Every structure is written in structure tokens, then in C-alpha cells.
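Participant: coordinates only, sequence not included:
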């Protein structure tokens, strides 16, 4: 029943809000294309993403030609099966390929960049880094920067350092920014409070997305730069057990504003 309600919601916003240029934004940790029991679900994930009618998608835990996931270029596969544009950034080389994050978009992507963010508890500048993938899209007449990220699951201090980097990277942008990801932090934690100095969470605190079989916490978010969010129309967590996370979708309206960015 929940699934059919979700589809009804998607059809409603798809048909009624095109003139309002509402964007449907999905964030999904795909667990290397496998469910919690490590069964391959990549094709079903592609089918789900297509059926969700999301305009743009941030993906985490993506494999690229790794032995463990069948040497598949997962972003290329998902793009081909959804008919969307794509971008990929690797965290690191792994198992004959690489492991990272990706973007799918119905709209063309430009200015694709992997910014890199620190991975450390101490904040040392020579520490390891992880991907922060961004790309620009044009929705109607509005240029938007879209990003996706996967924060450190092991350590709150590391996530706080990462959140501080995110604030530095995005805080001075004139473009509207949509940031999706698995933040590995629940609402009210110091890292999420820090991000709220720049961003607004478009979902509800009760949008539990982990773990998929028995969701008890919210760690997956769709954030929008607070100065540019006109309206968060609705958020939904889909009860599809294709990963160890549940996918989260927000329907949002961005304020029409500047189409240039002073920070490059």
C-alpha cells in the first residue's frame, strides 16, 4: 500500500507542478548494487529510479568495474537503463576498479568536479580524502549546482571536519545548491547542525532510511542552500528493499535567482 501511495504522489507532482519547475531529487546509497544479503539488484535499482521520475539523483557506494560486483561500470549501466546523463567520482581504487559516488540527471550536466574532502579525526591537512562530486544543471532558466557526498561512517569528529569543509565550499556560492548524500549522522548531531548554517533539510526528521529491513534512523538527506529554497513540497522514503538503505525523494522548488557564481 505504501508503494502505491508513493507512486500516486509522484504522478501528482509530475503532472501538476511542471509549470512551477518543481525538481524531484532522489538520494540513494545503492550498496554497490546489492541488497542487504549481497544479492545483485542493479537492474531493479535502474527500474526503480526510472519509475520514481526523479529529475536528478545522488548515488553513494557505487562500484566501477570492481571484481566483487561483476566488473560492471555501474554508473554507465544505470545511465543506459534510465536514459539519464551521468557523472562519477571515485573515492579510491579498489578490487580491480574503483569505489565512489555518482550523479544521474535528466538534464545535461556541466562543470563536473570532484572537490575532495578530508577524511580525518584530527583535522590534519595531509590526511586522506574522499570524493565530493558536483555538477551544474539548468532547470528552466535557473542554473543550479548539484552535489552528492558520503561522509565518514566511522567517526563523528571526522564528519564534523567534513561538514566544515562543505560549509566552506558551498557557503559563498551564489548559485542555488542541492546537496544529497549519506551523511551517516542523524538530525541534531553537531555535524548536521553545522551544515544547517548553510543548508535546509527538505525532509522530515522521521524520514528513516537505514537500515532498509528495519529503518530506525535518518542518515540520508536532500539539502538545499537556505537562501534559495522557495518551498519543500514533500519528501518520501520508498520501502524498496534493493539496498541496505532506503531511497529518499524530495520535491522542491528553487527560487529564481542569479545564474552566475562568483566562486569557481
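Facilitator: Cool, the structure landed. All of these numbers come straight from a predicted model, not from anything done at the bench.

Participant: Using the three-state scheme, assign residue 76.
Facilitator: Classification of residue 76 by DSSP: H, G, I helix; E, B strand; the rest coil places it in helix.

Participant: pretty sure it contacts residue 86?
Facilitator: Yes: counting by CB atoms under 8 Å, residue 76 touches residue 86, with 7.0 Å between them. C-betas here are computed from N, CA, C, even on glycine.

Participant: neighbour-wise, which of the two wins?
Facilitator: residue 86 (22 against 14; other CB atoms under 10 Å).

Participant: Please name the nearest non-neighbouring residue to that one.
Facilitator: residue 79 (3.8 Å; CB to CB, 6 or more residues apart in numbering).

Participant: Quick check: buried residues in stretch 221-233?
Facilitator: 221-225, 228-230, 232-233 (16 or more other CB atoms under 10 Å).

Participant: hmm, which two among those residues are most spread apart?
Facilitator: 221 and 230 (18.6 Å; CB to CB).

Participant: Flag the shaky bits of the stretch 1-150 of the chain, pLDDT-wise.
Facilitator: For the stretch 1-150 of the chain, residues meeting the criterion pLDDT under 70 lie at 1-21, 122-126.

Participant: Quick one: the strands in it, in order.
Facilitator: Secondary structure of the stretch 1-150 of the chain (DSSP state E, counting those that start in this stretch): strands located at 23-29, 56-64, 85-94, 97-105, 110-114, 117-119, 128-130, 132-139, 142-150.

Participant: Of all these, which one comes closest to residue 237?
Facilitator: strand 23-29 (10.4 Å).

Participant: now the end-to-end length of stretch 221-236.
Facilitator: End-to-end distance for stretch 221-236, by CA to CA, to the nearest Å: 11 Å.

Participant: Counting neighbours, what do you get for the residue nearest to residue 223 when sequence neighbours are not counted?
Facilitator: Once flanking residues are discounted, residue 223 sits nearest to residue 199: 3.8 Å by CB to CB, 6+ apart. Around residue 199 there are 26 other residues, counting by other CB under 10 Å.

Participant: and the residue lying closest to residue 114 once chain neighbours are set aside, how many neighbours does it have?
Facilitator: Take residue 114 and drop its neighbours on the chain: the residue closest to it by CB to CB, 6+ apart is residue 89, 3.9 Å away. The burial count assigned to residue 89 is 25, neighbours taken as other CB under 10 Å.

Participant: and what of residue 153?
Facilitator: 12.

Participant: same check, this time on residue 172
Facilitator: 11.

Participant: Which of the helices or strands spans it?
Facilitator: According to DSSP states H and E, residue 172 maps onto no helix or strand at all.

Participant: how deep is the residue lying closest to residue 81 once chain neighbours are set aside tucked in, by neighbour count?
Facilitator: Spatial nearest neighbour of residue 81, excluding adjacent residues (CB to CB, 6+ apart): residue 46 at 3.7 Å. By the criterion of other CB under 10 Å, residue 46 has 21 neighbours.

Participant: And residue 46, how far from residue 59?
Facilitator: 11 Å (CB to CB, to the nearest Å).

Participant: Overlap in contacts, those two.
Facilitator: residue 78 (CB atoms under 8 Å, 6 or more residues apart in numbering).

Participant: follow-up on the earlier one: how about the contacts made by the residue nearest to residue 114?
Facilitator: 100-102, 114, 131-133.

Participant: Let's see that with 7 Å instead.
Facilitator: The contact partners of residue 89, by CB atoms under 7 Å, 6 or more residues apart in numbering, come to 100-101, 114, 131, 133.

Participant: what do you get for residue 121?
Facilitator: 155, 157-158.

Participant: before we move on, what about residue 151?
Facilitator: 159, 162, 181, 183-185.

Participant: Could you do residue 22 as well?
Facilitator: Contacts of residue 22 by CB under 7 Å, 6+ apart are 13, 233, 251-253.

Participant: Closest one of these to residue 213?
Facilitator: Of the contacts of residue 22, the one sitting nearest to residue 213 (CB to CB) turns out to be residue 251, at 26.3 Å.
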